[in-house]
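Everything below, folded, please.
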Amino acid sequence: MSLIRLRNIQVSFGGPAILENISLAIDAGERLCLLGRNGTGKSTLLKVISGEVKADVGDLEFKQSIKIAVLDQEPRGDLDGSIFDVVAMGLGENAKYLQDYHHALHNFTENHNDQTITELQRAQDQVDIHNAWQLNQQVEEVLSRMQLDGDADYASLSGGMKRRVLLAKALVIKPDILLLDEPTNHLDLNAILWLEEQLLNYKGALLFITHDRSFMRKLSTRIIELDRGSLTSYPGNYDTYLRRKAEALHAEEVSNAHFDKKLAQEEVWIRQGIKARRTRNEGRVRALEAMRSERSARRNLVGKVTMKAASAERSGKLVSEAENVCFDYDGKPLISGLTTTILRGDKIGIIGPNGAGKTTLLRLLLGDLKPTAGTIKNGTKLEVAYFDQFRAQLDDNASVIDNLSQGREFVEINGNRKHVIGYLQDFLFAPERARSPVSMLSGGERNRLLLAKLFSKPSNILVLDEPTNDLDIETLELLEELVMEYKGTVLVVSHDREFVNNVVTSTLVFEGDAKVNEYVGGYDDWLNYATERAQSETNAVKAAVVLKKSASQNVPQNKKQNNVKKLSYKDQRELDALPAKIEAFEQQVEALQKQMADNKFYQKEKKEIQKVQEQLIEAEAGLSHCYRRWEELE
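Sure, this is the predicted structure:
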């Protein structure tokens, strides 16, 4: 039996139906990705399933005693207290008794006196009365698995850590189905990779909305798409969806063309029939009226964004040259010893965790900030168009038109004048929407408006600071095309791995300790290089150990005794046992690698594949530890 089944669900908010005759079944263990253009009703569908929105028409069937948890698109602002308090809220009514007990235990630990003892006893009694000890264990388990400090203050956390706490709050009840709305928004790469692993190991069903194509490819087992109020299911991965979607659109286009041709012929017939005959074929007339009704009810595809960037005069060949640049903030080094050269036409990606200093690096390279040490030389004729991730360039109180035009009636793109309304329609703003205040726009609409404003300004340097948040996939792919075809220089900060892979020619990566290193290619190229470098370092350690062993064997015995400090009995026993341990680990690694190299390996059950991969990671870690220990003891 399905966990959830929707039958002919319809939802509208006074206008055309957002959801129209939606039917969907979700089975245990499935991971469904919900796709659709901005504003098509994806979040509404999740709210219908969670019970937050009631359907106008249709039925919802749930498996008996089903548990549903929701991870919202944005962290709620009304949550406070410790991390333990927030996670325990996921348990519902019993949360208060656990929170009181946790606070009483913390107070008792900090200060032993009669009052704290009495408070702790009272809290324990309440937990006993409501049989909530098992629930307390559930909270402690999920805090441990998520690597969270239950006593830390929730309000002081970063956005990424708040998202981790809210996921723990959703998982604490061990839900049968987890609903996630844009879970990767505003997360850095490390947080996204961590979230992927958590969700891959999650045993229940998932229904999630995302525009992160790498995240989608990693997790989804089925893709469902909301398009013009209707829901279509595409079993398989994202690439299968793209192929089947293209086939469906082509078939729809052919069918609509045949229908429109027949309708035109019937319209000609009805006009000629009136002139030529007094009697008409009433059945054919009724059929024509039905065709007219069907044509008027047809919901055409939403148009695509049309993006063109206004070009300025070419900049000089040199855009920015940094020589041994350092930058400190409040005494803390953010960037140390950076040397790089950016030339006209380069497309540079900047990768790093939240708070590492990516935006600061952009401002340094553009000359907006002065380095603490080192020099930065900027080129000539630089015209910068800057996409700000916080959308500070938009005035919430002004209309969409006023934000773009600033009093102009026309915008000029590469010598072509276009009316402001027409230009905004290229970015999918209908005339009535263009007159709305910016405060009424969704996140995706705000990003489209900022892009429209950005591209109306002549530029030869395009700076994009987190441009992909809230953009639907079609708009994202069009932005990729524009960036790739852009004739000037591009600097882009993004946590969208596929976007970075597709548009950049090299990357600047924050790799800890204020070090920023440069690599050729995109995210995957950097990842491959990092993996190869780690392997090379391991091999170097092995070679050093072998050389040391060989050298020690060739040294005369009396010289060894003079130069080498004698090992303790325990260390000597450990050293004697290491060769056998290393040999065992090497054989285990070789066997596991041989097993994974078999073509049939990835046809096995997912659990079995993960088990072998984990064994290989543990064996390689054990081998590296043995080599390091051998080097220390030698």
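
contacts, neighbours, all on C-alpha from now
Noted.

Give me the below-cutoff pLDDT ranges for this protein.
1, 72-78, 273-280, 297-305, 389-392, 536-567, 569, 597-603, 605-606, 610 (pLDDT under 70).

What is the neighbour count of Leu364?
19 (other C-alpha atoms under 10 Å).

any idea how far the closest residue to Leu263 other than its chain neighbours is from Thr468?
Leaving aside its chain neighbours, Leu263 sits nearest to Met291 (6.8 Å; criterion: C-alpha to C-alpha, 6 or more residues apart in numbering). Per C-alpha to C-alpha, to the nearest Å, Met291 is found 42 Å from Thr468.

Just the element for Gln198, please.
helix 189-200 (DSSP states H and E).

Would you mind confirming that Lys581 is in contact with Cys626?
Yes - look at Lys581 against Cys626 with C-alpha atoms under 8 Å: they come within range, at 7.5 Å.

send the alpha carbons of stretch 4-22 over as PDB?
Backbone C-alpha positions of stretch 4-22 (Å, rounded to 0.1, in the frame of the first residue of the first chain) are rendered in PDB as follows:
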ATOM      1  CA  ILE A   4       0.100   8.700   0.500                       C
ATOM      2  CA  ARG A   5      -2.300   8.800  -2.400                       C
ATOM      3  CA  LEU A   6      -3.800  12.000  -3.900                       C
ATOM      4  CA  ARG A   7      -6.800  11.800  -6.100                       C
ATOM      5  CA  ASN A   8      -8.000  14.600  -8.400                       C
ATOM      6  CA  ILE A   9      -6.700  17.400  -6.100                       C
ATOM      7  CA  GLN A  10      -7.600  20.900  -7.100                       C
ATOM      8  CA  VAL A  11      -6.500  24.100  -5.400                       C
ATOM      9  CA  SER A  12      -7.000  27.700  -6.500                       C
ATOM     10  CA  PHE A  13      -6.700  31.100  -4.800                       C
ATOM     11  CA  GLY A  14      -9.400  33.100  -6.600                       C
ATOM     12  CA  GLY A  15      -7.800  32.800 -10.100                       C
ATOM     13  CA  PRO A  16      -7.000  29.900 -12.400                       C
ATOM     14  CA  ALA A  17      -6.400  26.700 -10.600                       C
ATOM     15  CA  ILE A  18      -2.800  26.300  -9.400                       C
ATOM     16  CA  LEU A  19      -3.300  22.600  -9.000                       C
ATOM     17  CA  GLU A  20      -5.700  20.900 -11.300                       C
ATOM     18  CA  ASN A  21      -6.800  17.300 -11.000                       C
ATOM     19  CA  ILE A  22      -3.600  16.300  -9.400                       C
END
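
Just want the most central residue of the protein.
Centroid-nearest residue in the chain, with C-alpha atoms, centre = their mean: Thr184, separated by 3.1 Å.

Could you find the closest non-adjacent residue to it?
Thr184 sits nearest to Ile192 (C-alpha to C-alpha, 6+ apart), 6.1 Å away.

rewinding a little: strands paired with the helix or strand just after the helix holding Gln198, and their directions?
Downstream of helix 189-200, the first helix or strand assigned by DSSP H and E is strand 205-209. Strand 205-209 sits in its sheet next to strand 31-35 (parallel), strand 177-181 (parallel), going by DSSP bridges.

next structured bit after the first one?
Once strand 31-35 ends, the next helix or strand along the chain (criterion: DSSP H and E) is helix 42-50.

Mind listing what's buried along that following helix?
Lys42, Ser43, Thr44, Leu45, Leu46, Lys47, Val48, Ile49, Ser50 (16 or more other C-alpha atoms under 10 Å).

for stretch 507-524, same thing?
The neighbour-count check on stretch 507-524 (16+ other C-alpha under 10 Å) flags Thr507, Leu508, Val509, Phe510, Ala514, Lys515, Val516, Glu518, Tyr519, Gly521, Gly522, Tyr523 as buried.

Which pair in those has the greatest spatial separation?
Ala514 and Gly521 (21.4 Å; C-alpha to C-alpha).

sorry, back to before: out of the strands paired with strand 205-209, flag the one nearest His106.
Among these, strand 177-181 comes nearest to His106, with 31.5 Å by C-alpha to C-alpha.

What are the contacting residues of that closest one?
Here strand 177-181 makes contact (C-alpha atoms under 8 Å, 6 or more residues apart in numbering) with 3, 28, 43, 46, 67-73, 170-171, 204-210.

returning to what we had before: which one of Met291 and Thr468 has more residues nearby?
A count of neighbours by other C-alpha under 10 Å puts Thr468 above the other of Met291 and Thr468, at 26 against 17.

Find the nearest non-adjacent residue to the more buried one, please.
Leu476 (6.6 Å).

so where does that neighbour fall, helix or strand?
Element membership of Leu476 [criterion: DSSP H and E] is helix 473-485.

Counting by contacts, list what that helix packs against.
helix 497-503 (3 or more C-alpha pairs under 8 Å, 6 or more residues apart in numbering; DSSP states H and E).

got the contact list for the helix it packs on?
212-214, 347, 349, 480, 483-484, 494, 521-524.

Go through those and flag which are in strands.
Secondary structure from DSSP state E places Lys347, Gly349 of these in strands.

Now distance to Cys326 too, for the contacts of helix 497-503, in JSON lines please.
JSON lines is the format used below for the contacts of helix 497-503 (distance: C-alpha to C-alpha, whole Å):
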{"residue": "Asp212", "distance to Cys326": "33"}
{"residue": "Arg213", "distance to Cys326": "35"}
{"residue": "Ser214", "distance to Cys326": "33"}
{"residue": "Lys347", "distance to Cys326": "23"}
{"residue": "Gly349", "distance to Cys326": "20"}
{"residue": "Glu480", "distance to Cys326": "32"}
{"residue": "Val483", "distance to Cys326": "29"}
{"residue": "Met484", "distance to Cys326": "31"}
{"residue": "Ser494", "distance to Cys326": "23"}
{"residue": "Gly521", "distance to Cys326": "24"}
{"residue": "Gly522", "distance to Cys326": "24"}
{"residue": "Tyr523", "distance to Cys326": "24"}
{"residue": "Asp524", "distance to Cys326": "27"}
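
wait, which of the contacts of helix 497-503 is closest to Gly444?
Asp212 (14.0 Å).

State the distance from the residue found closest to that closest one once you drop the neighbours it is linked to in the chain to Leu361.
Leaving aside its chain neighbours, Asp212 sits nearest to Asp496 (6.3 Å; criterion: C-alpha to C-alpha, 6+ apart). Taking C-alpha to C-alpha as the measure, Asp496 and Leu361 are separated by 19 Å.

between those two, who's got more neighbours?
Ranked by neighbour count (other C-alpha under 10 Å), Asp496 and Leu361 place Asp496 first, with 25 against 21.

got a list of what the more buried one touches?
Each residue near Asp496 by C-alpha under 8 Å, 6+ apart is listed here: Asp212, Ser214, Thr468.

Look up how far Lys515 lies from it.
Distance of Asp496 to Lys515, given as C-alpha to C-alpha: 22 Å.

for Ala123, same thing?
49 Å.

and the residue nearest to the centre of the chain, helix, strand or coil?
coil (DSSP: H, G, I helix; E, B strand; the rest coil).

my guess is it meets Leu193, correct?
No - taking contacts as C-alpha under 8 Å, Thr184 lies outside contact range of Leu193: 9.6 Å.

Out of the buried residues of stretch 507-524, list just those in helices.
Using DSSP state H, Tyr523 are the members of the buried residues of stretch 507-524 that sit in helices.

I'd like the buried residues of stretch 507-524 as TSV, with distance to Ser220 appended.
Formatted as TSV, the buried residues of stretch 507-524 follow (distance: C-alpha to C-alpha, whole Å):
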residue	distance to Ser220
Thr507	28
Leu508	30
Val509	29
Phe510	30
Ala514	36
Lys515	35
Val516	34
Glu518	33
Tyr519	31
Gly521	27
Gly522	24
Tyr523	21
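
Mind checking which of the buried residues of stretch 507-524 land in strands?
Thr507, Leu508, Val509, Phe510, Val516, Glu518, Tyr519.

Pipe these into a markdown table and attach distance to Asp239 per row.
Below are these laid out as a markdown table (distance: C-alpha to C-alpha, whole Å):
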| residue | distance to Asp239 |
| --- | --- |
| Thr507 | 26 |
| Leu508 | 29 |
| Val509 | 29 |
| Phe510 | 31 |
| Val516 | 34 |
| Glu518 | 31 |
| Tyr519 | 28 |
